[in-house]
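J.: fold the following for me, if possible:
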Amino acid sequence: MKNIIEEMYDGDLFPIGTYNHSSKEYKKAMDELVAAESKLLASYPQIRELFNRYQSAQIEIISINNRQEFVNGFRIGAKIALEIIDTIE
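T.: Residues are numbered from 1 along each chain as shown. Sure, this is the predicted structure:
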């Protein structure tokens, strides 16, 4: 069973899928990624399967890391709130 912070991160409590990737920075980075991937696979078509496995593993690592960073950030925020409350009392 997931804890409440993980549920929030996964969107079970709040929708996280509403993030809009429309910034110029994001679009530029994505365009560069797609161009590099296309050039790489066009130059070395025999590595497509290995490249796909690499991408899947990288996505999984990023996902795990993002979840943990979200949880850590939320905990830090809660500690700040508790310290503020303690100071008021």
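
J.: which strands and helices sit next to the helix or strand hosting residue 73?
T.: Using DSSP states H and E, residue 73 sits in helix 48-88. The contact analysis (3 or more CB pairs under 8 Å, 6 or more residues apart in numbering; DSSP states H and E) places helix 48-88 against helix 4-10, helix 24-43. To be clear about C-beta, it is placed using only N, CA and C from the backbone, and glycine gets the same treatment.

J.: now the longest one against helix 48-88, angle please.
T.: So that's helix 24-43. Here the directions of helix 24-43 and helix 48-88 differ by 160 degrees (axes from the mean of the first three to the mean of the last three CA atoms, to 10 degrees).

J.: list the buried residues for the helix or strand bottoming out on mean pLDDT in the chain?
T.: Taking mean pLDDT, DSSP states H and E as the measure, the chain has helix 4-10 as its least confident helix or strand, at a mean of 77. Neighbour-count burial for helix 4-10, counted by 16 or more other CB atoms under 10 Å, picks out 5, 6, 8, 9.

J.: looking at those residues, which is nearest residue 81?
T.: residue 5 (13.8 Å; CB to CB).

J.: let me know whether the closest one touches residue 70 as I believe.
T.: Yes - the pair formed by residue 5 and residue 70 meets the contact definition of CB atoms under 8 Å, at 7.3 Å.

J.: name the nearest residue to the most centrally placed residue in the chain, sequence neighbours excluded.
T.: By CA atoms, centre = their mean, the chain has its centre lying nearest to residue 66, at 4.4 Å. The shortest distance from residue 66 to any non-neighbouring residue, by CB to CB, 6 or more residues apart in numbering, is to residue 9 (7.9 Å).

J.: and stretch 23-37, how far from the chain's centre?
T.: 16 Å (CA atoms, centre = their mean, to the nearest Å).

J.: likewise stretch 2-15?
T.: Here the centre of stretch 2-15 is set off from its chain's centre by 14 Å, with CA atoms, centre = their mean.

J.: please apply the same query to stretch 48-62.
T.: Using CA atoms, centre = their mean, the offset of stretch 48-62 from its chain centre is 15 Å.

J.: cool, stretch 29-47 as well?
T.: 22 Å.

J.: for that stretch, what is the average pLDDT?
T.: The pLDDT scores in stretch 29-47 average 96.
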